[in-house]
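> Sequence plus the predicted model coming up.
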Amino acid sequence: MARARSNTVTSLLDQCFEENRKWARNAVAKDPQFFKRLEALQAPDLLWIGCSDSRLPPNEIIGRKSGELFVHRNVANVVEHTDVNCLSVLQYAIDVLKVKHVIVCGHYGCGGVRAAMSPQPLGLIDNWLRHIRDVHLWNREELGAITDLDERANRLAELNVEAQVANVCHTTIVQDAWSRGQKLTVHGWIYSLSDGLLRDLGTVVESSEQIPSEYRLFY
Ligand code: CO
């Protein structure tokens with residue numbers, strides 16, 4: 001039996017459908033072939049791996065239209081080598097869509113990173129955030145020297161991006177692509193909620209030679 005929804009919820013969801021109809025009408029008004037073209041083909045050159053945070057909609061931030069950006073998002077943009085969800089996105093993007101760049105984008109003021117610095121238990125998500133606690137541990141000296149907690153969290157967010165870029169590169173998917181000569185570059189970026197600007201962390205990996213021998217596979 002359907003449960004009655006409050007008026008507030010009904011109007012919020014109705015508004016979503018109303019906005020959707022408006023968006024679809026405008027898209028066709030501007031370009032009558034818009035949906036026909038997208039229905040037939042998506043050809044993104046970029047895969048974005050970012051945080052689920054509602055304040056950073058990837059397409060808007062970098063001005064990519066529908067069909068131009070393949071996206072995977074999770075809490076604190078973690079790439080974990082047994083996460084079938086993330087690996088499936090990566091594999092489809094690289095093997096089938098043939099994206100040329102994978103971007104791991106973190107952000108300053110990340111709640112997930114901040115939670116990974118706190119002893120306060122939050123439930124299941126603590127197991128996910130453990131990956132960021134590892135990054136914290138590997139960099140404890142540098143991070144421990146930063147007294148301001150916000151600054152420390154922001155630096156950890158940067159180090160987390162670098163660690164996740166490495167995780168992308170260590171996957172069989174990326175190493176396999178490089179071994180067959182496919183052009184693919186992995187980048188680490190960070191977004192600032194305070195000014196809306198992206199910064200390139202300068203982490204750029206484009207070949208197996210940049211991977212530590214412990215992770216390297218020879219095909
Ligand atoms: Co975040």
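Thanks, I have it. From a predicted model like this one, the values you see are computed outputs, not experimental measurements.
> domains for this protein, by residue range?
What automatic domain parsing lists as the domains of the chain is 1-41, 42-210.
> looking at these, which is buried most?
domain 42-210 (a mean of 17; mean count of other C-beta atoms under 10 Å). No exception for glycine: its C-beta is placed from N, CA and C like everyone else's.
> Could you tell me the end-to-end distance of that domain?
Taking C-alpha to C-alpha, to the nearest Å, domain 42-210 runs 31 Å from one end to the other.
> Help me see whether that domain makes contact with the ion, please.
Yes - Domain 42-210 reaches the ion (C-beta under 5 Å from the ion) through 51, 53, 110, 112.
> What's the mean pLDDT across that domain?
The average pLDDT within domain 42-210 is 97.
> quick one: it to chain centroid distance?
Using C-alpha atoms, centre = their mean, to the nearest Å, the distance from the centre of domain 42-210 to the centre of the chain it belongs to is 5 Å.
> which one's the longest helix in the chain?
When the chain is parsed with DSSP state H, its longest helix is helix 7-30.
> CA atoms of it as CSV?
The C-alpha trace of helix 7-30 is given here as CSV (Å, rounded to 0.1, in the frame of the first residue of the first chain):
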residue,chain,number,x,y,z
ASN,A,7,3.1,18.1,0.9
THR,A,8,6.7,19.3,1.2
VAL,A,9,8.1,16.1,-0.3
THR,A,10,5.4,16.0,-3.0
SER,A,11,6.1,19.5,-4.1
LEU,A,12,9.9,18.9,-4.1
LEU,A,13,9.6,15.8,-6.3
ASP,A,14,7.0,17.4,-8.5
GLN,A,15,9.4,20.3,-9.0
CYS,A,16,12.1,17.8,-10.1
PHE,A,17,9.7,16.5,-12.9
GLU,A,18,8.7,20.0,-13.8
GLU,A,19,12.3,21.1,-14.1
ASN,A,20,13.1,18.0,-16.1
ARG,A,21,10.3,18.7,-18.6
LYS,A,22,11.6,22.3,-19.0
TRP,A,23,15.2,21.1,-19.5
ALA,A,24,14.2,18.6,-22.2
ARG,A,25,12.1,21.2,-24.0
ASN,A,26,14.9,23.7,-23.9
ALA,A,27,17.4,21.1,-25.2
VAL,A,28,15.3,20.3,-28.2
ALA,A,29,14.5,24.0,-28.8
LYS,A,30,18.2,24.7,-29.0
